[in-house]
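Colleague: model this:
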Amino acid sequence: MKRSFWLIALLLFALIGVADAAITPNSFVAPQTPNRGILQFTSSSSAGTYSTLYTAGANGSRCYALWTTNNDGSATHLVTVQIVNSTTKYGGTSLTTVSSAGFANATPPQNMMSTTVWPGLPLDSYGNPYVQLISGDTLQATFATAITAADVVNLVASCSDF
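Modeller: Numbering: from 1, shown residues only. Below you'll find the predicted structure:
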C-alpha cells in the first residue's frame, strides 16, 4: 500500500509539473521594415549643431550600416554621430572624412560602424556590428569645420524597424 501511494504521488507530481510548463514557445523577432536615414551637410549647415539622421521605429530599430561621403576635394571634415535618448547624448563615434570619399575613383565611402572606428558595438550572427535603438532613440550627427560652397558631407544609415 505504501509503495503504491508513493507511485501515485510521483505520477501526480510529474503530471502537475508538465501542466505548469510554458506552452508559448520563445519566438525570435527579427526587424520587419527596412528603412534608412539620410543627412546632408552643406555650406548653409551650422558646424557643431546636431541634426537627426535616423529616428527609431515605435518598437525599436536595428541599424546595420552607417557610412559617410565627402565631395570636398581639398578638405576633410570631422563628423560625429551620437545615440540620443530624449535629450541626452549617450556617445557614439567620430570620424575624419577623407577628401572626395565616395565621389572620386578609388576613394570609397567611409564605414562609420567598423570595429576600428566604433569599437564595442554588438555583433550579429555573421560577425557584423550593429546599433540597437529603442523607441524614442535617434541617431544624430554633426560636423566640426565649415563646409565651403558647392561641397557636401553625406551620411547614410541603413536600418530596419521592429
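Colleague: Could you list the low-confidence segments of the chain?
Modeller: Scanning the chain for pLDDT under 70 picks out 1-7, 9-25, 27.
Colleague: Please enumerate the helices of it.
Modeller: With helices called from DSSP state H, the chain shows them at 2-19.
Colleague: those strands in it, which residues are they?
Modeller: Assigned by DSSP state E, the chain shows strands spanning 33-41, 51-55, 61-70, 78-85, 88-96, 110-111, 131-133, 137-143, 153-161.
Colleague: Mind putting the ones you listed into CSV with distance to F103?
Modeller: Every residue, glycine included, has its C-beta placed from N, CA and C. Below are the strands of the chain laid out as CSV (distance: least, C-beta to C-beta, whole Å):
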stretch, distance to F103
strand 33-41, 13
strand 51-55, 20
strand 61-70, 6
strand 78-85, 15
strand 88-96, 16
strand 110-111, 12
strand 131-133, 25
strand 137-143, 16
strand 153-161, 9
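Colleague: For P119, which of the ones you listed is the nearest?
Modeller: Minimum separation from P119 across the strands of the chain (C-beta to C-beta) falls at strand 88-96, 8.7 Å.
Colleague: Can you lay out the strands of the chain as CSV showing distance to V117 and mean neighbour count?
Modeller: Rendered in CSV, the data for the strands of the chain read as follows (distance: least, C-beta to C-beta, whole Å; neighbours: other C-beta atoms under 10 Å):
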stretch, distance to V117, mean neighbour count
strand 33-41, 17, 15
strand 51-55, 16, 18
strand 61-70, 9, 22
strand 78-85, 10, 19
strand 88-96, 6, 14
strand 110-111, 7, 18
strand 131-133, 12, 21
strand 137-143, 14, 21
strand 153-161, 13, 21
